[in-house]
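Asks: Fold the following and give me the result.
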Amino acid sequence: MSRMEGNIEAPESKRSKLAKYEAALCKLMDAAQQLTGCEGMVLILVIYEFKC
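Replies: Residues are numbered from 1 along each chain as shown. From the prediction side, this is the model:
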């Protein structure tokens with residue numbers, strides 16, 4: 001089977017780092033939603049761009 005066939009999974013260490021990064025982003029998103037006004041909107045947009 002070539003590299004392009006089937007599912008390719010990241011090594012466990014990479015998945016672990018990704019899970020930690022995603023958890024940190026979720027905490028930042030929760031914090032951003034508590035803010036009001038322009039600062040909150042800017043932070044939410046920045047986090048959204050990194051998450052997608």
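Asks: What are the boundaries of the helices in this structure?
Replies: Secondary structure of the chain (DSSP state H): helices located at 12-34, 37-51.
Asks: Take those and lay them out in JSON lines including mean pLDDT.
Replies: Output for these, formatted as JSON lines (pLDDT from 0 to 100):
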{"stretch": "helix 12-34", "mean pLDDT": "79"}
{"stretch": "helix 37-51", "mean pLDDT": "71"}
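Asks: Just put these in a markdown table and tack on mean neighbour count.
Replies: No exception for glycine: its C-beta is placed from N, CA and C like everyone else's. Listed next are the helices of the chain as a markdown table, based on neighbours: other CB atoms under 10 Å:
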| stretch | mean neighbour count |
| --- | --- |
| helix 12-34 | 11 |
| helix 37-51 | 12 |
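Asks: you'd agree residue 44 is up against residue 31?
Replies: No: the pair residue 44 and residue 31 does not pass the contact test of CB atoms under 8 Å, sitting 9.9 Å apart.
Asks: any common contacting residues for those two?
Replies: Residues touching both residue 44 and residue 31 (CB atoms under 8 Å, 6 or more residues apart in numbering): there are none.
Asks: could you list every residue that touches residue 28?
Replies: 43, 47.
Asks: Distance of it relative to residue 42?
Replies: Going from residue 28 to residue 42 by CB to CB, to the nearest Å gives 13 Å.
Asks: Ok, residue 49 next?
Replies: In terms of CB to CB, residue 49 sits 11 Å off from residue 42.
Asks: go on, residue 25?
Replies: As for residue 25, its distance to residue 42 is 16 Å (criterion: CB to CB).
Asks: ditto for residue 19
Replies: Residue 19 is 26 Å from residue 42, by CB to CB.
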